[in-house]
Structure formats: structure tokens, C-alpha cells
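>>> The sequence isn't on hand, but the structure is:
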């Protein structure tokens, strides 16, 4: 099992070593081009949230935290009735099945209350740029997508093809999250393009819940969910119920928490049970009346979520992202050598750190509490390992100790800075 796990992880790690630098370069290029064109497509805190969300998803995937109801390997073992011999044909079938599965799962996530919790993070940005592609879920811990892959299993398409194709299919969805590329001629009839995906991310009545396809656009045309981008309707991005936070961990479970509260407050037993499987956004009538939620009814008048953050705080957030990337890759390299519990604790510490510095961007008091827990957890791990850090010692350990202490002190500083600035009188109200 360890050998198989190491082999899978090595491919995953290798793909990330290519994907992350490429994504980073493309995000920077997009920002430079947008600035030269005079377009405002990026906001610092929003990009930090997007990159942080990508980190949490990669960390979650790295430790393989999740549960599969039915796996594709089981389907192949028990359902194959004819084995395709040509590898090239098996790859083509696998790609079509993978893309079809992506369409079906994507549509379900948009249309069912409980499944929307797994996808809201991806739509939570009120901007639209390449970094938004990295907003991926950590709440989709139960996987049942293999049920849509039965056609491939019947034809005996090997599991290893999907093991390689899956990440590639996912990475190829990155490029079309941009406002800088217009319509692409004949490609609009074949592939999902930036124009198609701008429609998908928009909350305009003309665009909502359209264009679920991931690579090939004809799934939407086949199943009646296609909508072209209209010249006279500019997309407004985000969600109808704005998330109002920069914290990707909170966003990941925001819908779930709301469903729990609504189920608790509902008077009818039937409503308590069916709320989970009703269309996205449905709430029991009595709960909706007693506990109304802010919802955008006119996208043109939507005001984007914003917090005033100093340049120092934004720089601190960028520095944290760099450090989290370094520690994440280190965690990946040590996973085969440590037990599951230790790996989970390492991952939890990284996600806790992300929770902390994004909470500061929100001006939340619990940022310091989260940072205190991180500090305690970090030093506890050092003590437990005789003052080494998962195989690292000497200079690296001193660097980590410096990081833990500095991170805590800066969190304390920023929290107090925010409190002081909030107490200052508004210049507009003076005189």
C-alpha cells in the first residue's frame, strides 16, 4: 500500500511542481496586461483568498483526506464486459467520460443545497481572474463521482489512465478564468472558452446556472444549459448571497452552517429533512420569514466586499502564502515516512495558519486566537520530535521557531492596529 501511495503521490507532486509555477507566472502576466490596459480585475485581498484557497485544497488532497462511496477501481474490477486493447482509444474514451462526469457533478453542485456547500468557494470571488480558478473546495470529503464513469468501467479503461488524466483535466480548466480574452471564433463551438466561463460565474438573471461544461462545451448544448455571453449584458461576478469574508476556510463551510441553522429553526419535521436535498437556495418558508438573509436582487447595484488593509498587512499575507507553499511541499515529501496522524496534524497546522492570516484581512478578533493555537501546536510538534521538524534540524528548526514567534507577534500587532484605526474619527465627519 505504501508503494502504491508513494507512486501516486510522486506523480501528484511532480505535476504540482510544474503547475504551481506555471499558474503563478500566468497570474502575474494577467495582472501586468490588465494594468497596462487600465482594467481593474485584481484586488490584493481577493487574490490572497484565491491563492490561500488553492493551498487548502492542495493540502487536503496531499494527505488524501476524504471518503469514497464507490471507487472507479472497484467498478472496473466488477463491471468490465469488454476490454479495450488500443491504449489511444482507451485514453479518448477516458477523456470523454471524465469530461461528462465533470459536467454532471458540476451541475449537481449548483442545483442541490447540500452539494452547493462543496462549490460555493469557487464562485465566492466578486472579481474574475486567473487566481479565481484556484478557489477549490476542501468540504467535498465524500466522493461519489465514479457513478458517472460506469461506461468507461464497462469497457475496461484502466484506473491508471484516470490517475494521470484527472489532474491534467483539472489543470486545463485554469486558463479560461480571465476577462482579458474575448470570444475565440470557431473554438466557441468546441471548447469551454473564457467567454463561456464568464457567463458561468455571473449572477445576472440571464446567466445564472449556465455553462457547466469543463473542457468540451457541447455537454451544455446537449443538455440545455448553454448560454452565450451577450454584448449588452456585462457579467457581475460572485454569489447571490455574498460570502462577506476573505477567509477560504469559513467560505468552505458557510453554506453547511446555514443549512444546519435553518434545519434547526424549521418547525416542520419534513422541512428539517428535505432542506438538504432541495434546489440550491431553498429555505423553509417559516425560517425565511423569521431569519431573512441578505440576497442580491439587482446585480447592477451590487457593492463588492471590501476591508481597509495596510500595505504592511497585505505584504505580510503574501509572505505567509510563500511560507505555506514551502511547508506544504515539505509535508508532501515526508508523508510516506510518517504515520497518518502526524501528517494530519501537520496539515491542520498549515490550514490553521491560513485561517489566521485571512481572518486578519477580515479584521476579525479570532485571528489572534487561531494564531495562538498555531503557536502552541507548532511548539508541541517540535517538543514531541525532540526539537526537530519532520526530519529537519539545526538551521531549519531555528527558522521555524523564528517564524512561529514572529507570526504571532505580527498578528497581535495587526489586530491592535485595526482596533486603533477603527477608533479614529472619520475625517468626513470632523468639522
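Received, thanks. No experiment lies behind these values; they were computed from the predicted model shown.

>>> Roughly how far does residue 284 sit from residue 202?
Counting by C-beta to C-beta, to the nearest Å, the gap from residue 284 to residue 202 is 28 Å. No exception for glycine: its C-beta is placed from N, CA and C like everyone else's.

>>> which one of these two has more residues nearby?
Comparing residue 284 with residue 202 by other C-beta atoms under 10 Å, the one with more neighbours is residue 202, at 24 against 21.

>>> which residues touch the more buried one?
Residues near residue 202 by C-beta atoms under 8 Å, 6 or more residues apart in numbering: 208, 235, 236, 237, 299.

>>> same deal with residue 258?
Contacts for residue 258 (C-beta under 8 Å, 6+ apart) come out as residue 293.

>>> Mean confidence (pLDDT) on the helix or strand where it lies, please.
Assigned by DSSP states H and E, residue 258 belongs to helix 248-265. Averaging pLDDT along helix 248-265 gives 97.

>>> Just the pLDDT for residue 345.
As predicted, residue 345 sits at a pLDDT of 96.

>>> so it sits in a strand?
No: assigned with DSSP: H, G, I helix; E, B strand; the rest coil, residue 345 falls outside any strand and is helix.

>>> What's the separation between it and residue 339?
Look at residue 345 and residue 339: by C-beta to C-beta, they are 10 Å apart.

>>> Which one of the two is surrounded by more residues?
Neighbours per residue, other C-beta under 10 Å: of residue 345 and residue 339, the larger number sits with residue 345, 14 against 8.

>>> Surely that one and residue 374 touch.
No: Residue 345 is beyond contact range of residue 374, at 11.6 Å (criterion: C-beta atoms under 8 Å).

>>> did I read that right, residue 182 in a strand?
No: counting by three-state DSSP, residue 182 is not found in a strand; it is coil.

>>> count of residues packed around the nearest residue to residue 141 once chain neighbours are set aside?
Nearest non-adjacent residue to residue 141, counting by C-beta to C-beta, 6 or more residues apart in numbering: residue 66, 4.5 Å away. Residues lying near residue 66 (other C-beta under 10 Å) number 12.

>>> right, and residue 66 touches residue 143 too?
Yes: with contact defined as C-beta under 8 Å, residue 66 reaches residue 143; the gap is 6.1 Å.

>>> So which residues of the stretch 301-431 of the chain form helices?
For the stretch 301-431 of the chain, applying DSSP state H, counting those that start in this stretch gives helices covering 311-334, 340-361, 366-384, 395-423.

>>> Pick the most deeply packed of these.
Stretch with highest mean neighbour count among those: helix 340-361 (a mean of 20; mean count of other C-beta atoms under 10 Å).

>>> what's it packed up against?
helix 44-62, helix 248-265, helix 311-334, helix 366-384, helix 395-423 (3 or more C-beta pairs under 8 Å, 6 or more residues apart in numbering; DSSP states H and E).

>>> And the first one, what does it pack against?
Looking back up the chat, that one is helix 44-62. In terms of contacts (3+ C-beta pairs under 8 Å, 6+ apart), helix 44-62 is packed against helix 2-36, helix 248-265, helix 311-334, helix 340-361.

>>> and what of the longest one?
In terms of contacts (3+ C-beta pairs under 8 Å, 6+ apart), helix 395-423 is packed against helix 311-334, helix 340-361, helix 366-384.

>>> Put together a markdown table for the contacts of residue 202, with neighbour count and secondary structure on each row.
Below are the contacts of residue 202 laid out as a markdown table (neighbours: other C-beta atoms under 10 Å; DSSP: H, G, I helix; E, B strand; the rest coil):
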| residue | neighbour count | secondary structure |
| --- | --- | --- |
| 208 | 14 | coil |
| 235 | 20 | coil |
| 236 | 19 | coil |
| 237 | 22 | strand |
| 299 | 20 | helix |
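
>>> Just flag the most distant two among those residues.
Within those, 208 and 237 form the most distant pair, 11.6 Å apart (C-beta to C-beta).

>>> Is residue 162 within a helix or a strand, and which one?
Short version: residue 162 belongs to helix 159-171, going by DSSP H and E.

>>> got the contact list for that helix?
8, 11-12, 15, 19, 72-73, 76, 90-91, 94-95, 98-99, 102, 149, 152, 214-215.

>>> returning to what we had before: for residue 400, which of the helices and strands packed on helix 44-62 is the nearest?
Taking C-beta to C-beta, helix 311-334 is the member of the helices and strands packed on helix 44-62 nearest to residue 400, at 8.6 Å.

>>> Quick one: mean pLDDT for that closest one?
Here the average pLDDT along helix 311-334 is 95.

>>> Show me how far that helix is from its chain's centre.
Put simply, helix 311-334 sits 17 Å off its chain's centre (C-alpha atoms, centre = their mean, to the nearest Å).

>>> Now do that helix: which elements does it pack against?
helix 2-36, helix 44-62, helix 340-361, helix 395-423.

>>> closest to residue 306 out of the ones you listed?
For the helices and strands packed on helix 311-334, the distance to residue 306 is smallest for helix 44-62, at 8.1 Å, taking C-beta to C-beta.
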